[in-house]
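*Asks:* Have a look at this prediction, sequence included:
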Amino acid sequence: MAWTVSFLDERVEAEMEAQPKDIRAKFERIKELIATFGLERLPPKYVAHLEGRAWELRMKGKDGIARALYVTASGQRVVILRVFTKKTQKTPQCEIKLALKRAEEVT
(Lines give C-alpha, C1' and ligand atoms only; values in the text may rest on other atoms or scores of the structure.)
Protein backbone atom coordinates (compact mmCIF):
# COMPACT_ATOMS: atom_id res chain seq x y z
CA MET A 1 0.00 0.00 0.00
CA ALA A 2 1.39 3.40 -0.99
CA TRP A 3 1.54 6.44 1.27
CA THR A 4 -0.91 9.26 0.59
CA VAL A 5 -0.78 12.91 1.65
CA SER A 6 -3.95 14.88 2.35
CA PHE A 7 -5.05 18.04 4.12
CA LEU A 8 -7.14 17.86 7.28
CA ASP A 9 -9.70 20.29 5.80
CA GLU A 10 -10.22 23.32 3.57
CA ARG A 11 -8.62 25.79 5.98
CA VAL A 12 -5.34 23.85 5.90
CA GLU A 13 -5.51 23.64 2.12
CA ALA A 14 -6.04 27.43 2.06
CA GLU A 15 -2.96 27.88 4.27
CA MET A 16 -0.92 26.03 1.63
CA GLU A 17 -2.47 28.04 -1.22
CA ALA A 18 -1.43 31.24 0.59
CA GLN A 19 2.24 30.21 0.36
CA PRO A 20 4.50 31.48 -2.45
CA LYS A 21 4.61 29.46 -5.67
CA ASP A 22 8.08 28.01 -5.04
CA ILE A 23 7.07 26.77 -1.58
CA ARG A 24 3.95 25.11 -3.03
CA ALA A 25 6.14 23.49 -5.70
CA LYS A 26 8.50 22.15 -3.04
CA PHE A 27 5.52 20.71 -1.16
CA GLU A 28 4.33 18.95 -4.32
CA ARG A 29 7.83 17.50 -4.79
CA ILE A 30 7.88 16.19 -1.21
CA LYS A 31 4.40 14.67 -1.76
CA GLU A 32 5.73 12.84 -4.82
CA LEU A 33 8.71 11.52 -2.85
CA ILE A 34 6.40 10.21 -0.11
CA ALA A 35 4.08 8.54 -2.63
CA THR A 36 6.97 6.99 -4.57
CA PHE A 37 9.40 5.94 -1.83
CA GLY A 38 7.37 6.05 1.38
CA LEU A 39 7.50 8.38 4.35
CA GLU A 40 10.19 6.33 6.08
CA ARG A 41 12.61 6.92 3.17
CA LEU A 42 12.15 10.68 3.04
CA PRO A 43 15.55 12.40 3.45
CA PRO A 44 16.07 13.97 6.91
CA LYS A 45 16.40 17.45 5.38
CA TYR A 46 12.66 17.33 4.58
CA VAL A 47 11.22 15.98 7.84
CA ALA A 48 11.64 16.40 11.60
CA HIS A 49 9.84 15.20 14.72
CA LEU A 50 8.41 18.00 16.85
CA GLU A 51 6.42 16.71 19.80
CA GLY A 52 4.09 13.79 20.49
CA ARG A 53 2.46 12.76 17.20
CA ALA A 54 3.42 16.01 15.46
CA TRP A 55 6.03 16.08 12.71
CA GLU A 56 6.99 18.76 10.20
CA LEU A 57 7.72 18.82 6.48
CA ARG A 58 10.37 21.41 5.70
CA MET A 59 9.99 23.54 2.62
CA LYS A 60 12.47 26.18 1.52
CA GLY A 61 12.34 28.45 -1.50
CA LYS A 62 13.73 31.75 -2.68
CA ASP A 63 10.68 33.46 -1.17
CA GLY A 64 11.24 32.06 2.33
CA ILE A 65 10.79 29.04 4.54
CA ALA A 66 7.55 27.25 5.39
CA ARG A 67 6.52 24.28 7.44
CA ALA A 68 3.66 21.81 7.05
CA LEU A 69 2.89 20.14 10.37
CA TYR A 70 1.41 16.67 10.10
CA VAL A 71 0.54 13.39 11.78
CA THR A 72 0.36 9.91 10.34
CA ALA A 73 -2.93 8.03 10.34
CA SER A 74 -4.06 4.48 9.69
CA GLY A 75 -3.73 3.28 6.14
CA GLN A 76 -0.34 4.93 5.54
CA ARG A 77 -1.77 8.43 5.42
CA VAL A 78 0.03 11.70 6.09
CA VAL A 79 -2.51 14.29 7.25
CA ILE A 80 -1.37 17.92 6.98
CA LEU A 81 -2.70 19.86 9.99
CA ARG A 82 -1.12 23.30 9.70
CA VAL A 83 0.93 25.22 7.11
CA PHE A 84 2.73 28.43 8.00
CA THR A 85 5.64 30.66 7.02
CA LYS A 86 8.54 30.17 9.38
CA LYS A 87 10.07 33.38 10.71
CA THR A 88 12.05 32.19 13.74
CA GLN A 89 14.86 29.69 14.29
CA LYS A 90 12.62 27.28 16.22
CA THR A 91 9.12 26.17 15.28
CA PRO A 92 6.86 28.28 17.53
CA GLN A 93 5.21 26.35 20.36
CA CYS A 94 1.82 27.89 19.52
CA GLU A 95 2.00 26.30 16.02
CA ILE A 96 2.81 22.90 17.52
CA LYS A 97 -0.06 23.19 20.02
CA LEU A 98 -2.49 24.15 17.24
CA ALA A 99 -1.38 21.14 15.18
CA LEU A 100 -1.76 18.79 18.15
CA LYS A 101 -5.25 20.18 18.82
CA ARG A 102 -6.20 19.61 15.17
CA ALA A 103 -4.66 16.10 15.36
CA GLU A 104 -7.47 15.11 17.70
CA GLU A 105 -9.77 15.18 14.65
CA VAL A 106 -7.66 12.58 12.79
CA THR A 107 -8.52 8.89 13.07
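*Replies:* Yep, it's here.
*Asks:* Longest helix in the protein, please.
*Replies:* helix 21-37 (DSSP state H).
*Asks:* what does it contact?
*Replies:* 2-5, 16-17, 19, 41-42, 46, 57, 59-64, 66, 68, 78 (Cβ atoms under 8 Å, 6 or more residues apart in numbering). Bear in mind the C-beta positions are built from the backbone N, C-alpha and C, glycine included.
*Asks:* let's see it at 10 Å
*Replies:* If you take Cβ atoms under 10 Å, 6 or more residues apart in numbering as the criterion, helix 21-37 is touched by 2-6, 16-20, 39-43, 46-47, 57-68, 76, 78, 80, 83, 85.
*Asks:* Now the buried members of those residues.
*Replies:* Burial by neighbour count, judged by 16 or more other Cβ atoms under 10 Å, picks out 3, 5, 16, 19, 39, 42, 46-47, 57-59, 61, 66-68, 78, 80, 83 from the contacts of helix 21-37.
*Asks:* Tell me which of the contacts of helix 21-37 fall in helices.
*Replies:* Using DSSP H, the contacts of helix 21-37 in helices are 16, 17.
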